[in-house]
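A.B. asks: Make a model of this:
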Amino acid sequence: MKKLFLALLPLSFLLLFFTAKSEASHEILFFWGDGCPHCKVVIQQIEEQGLNEVLPIEFFEVYGNRDNNDLLTQKARECDYTDSIGVPFLYLDGACYVGEIDTLAALQSLDPEEYSQTDHAEVLAVETGSGTETSTGAETTIPNFETEDDSEDNEAKFSKDIIVLGVLLGGVAVGFLLFAILTRKS
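C.D. replies: Okay, here's the model as predicted:
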């Protein structure tokens, strides 16, 4: 009898461990940075595809919030992520995805029924001016990147970049012509 008990004891711990793990709420933590163009693309795709409505995604801005940045570092360490940590960064139930393509692929592969909003652990929500912020610093609403001023600024920056690029290319072409003329004469 004692041998049977000793044999079943480790098995019961394993069963308890896997049962507790399967009942745990899912974590979908998306870390982004204000001004990060790849983050903006991911957030726009999340919104356009309605993923934020069917998945319990928590958004953490890391450039302006040290606590969120520390949480990003902690989650990256949990994944044994040793490369430099950048955004967009997705922490999904113990797995980490970095970059626009991997993050979107991971989110799009999820079964919304498995990650239903009701399974998600509830957090204390506090109203802020830009949306709903949880007690952990996460936003429960999609961050808003675009304003009319931003799009006008981007167009002006793009025009300046084109002019600078044209001047640089023109200077390079003139330099090559001068080089060709001077080397021909000798």
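A.B. asks: contacts and neighbour counts: CA atoms only from here.
C.D. replies: OK.
A.B. asks: quick one: low-confidence parts of this protein?
C.D. replies: Across the chain, the ranges flagged by pLDDT under 70 are 1-25, 116-142, 144-158, 185-186.
A.B. asks: can you list the domains in it?
C.D. replies: What automatic domain parsing lists as the domains of the chain is 24-134, 147-186.
A.B. asks: which of these is buried the deepest?
C.D. replies: domain 24-134 (a mean of 16; mean count of other C-alpha atoms under 10 Å).
A.B. asks: Check the secondary structure at residue 113 for me.
C.D. replies: The local conformation at residue 113, judged by DSSP: H, G, I helix; E, B strand; the rest coil, is coil.
A.B. asks: before we move on, what about residue 52?
C.D. replies: Three-state call for residue 52 (three-state DSSP): helix.
A.B. asks: Quick check: which element contains the closest residue to it other than its chain neighbours?
C.D. replies: Once flanking residues are discounted, residue 52 sits nearest to residue 46: 6.1 Å by C-alpha to C-alpha, 6 or more residues apart in numbering. Element membership of residue 46 [criterion: DSSP states H and E] is helix 37-48.
A.B. asks: now residue 162
C.D. replies: helix 148-185.
A.B. asks: Might one say that residue 94 is in contact with residue 77?
C.D. replies: No. Assessed by C-alpha atoms under 8 Å, residue 94 is found out of contact with residue 77, at 10.1 Å.
A.B. asks: what's the helix holding residue 46 packed up against?
C.D. replies: helix 100-108 (3 or more C-alpha pairs under 8 Å, 6 or more residues apart in numbering; DSSP states H and E).
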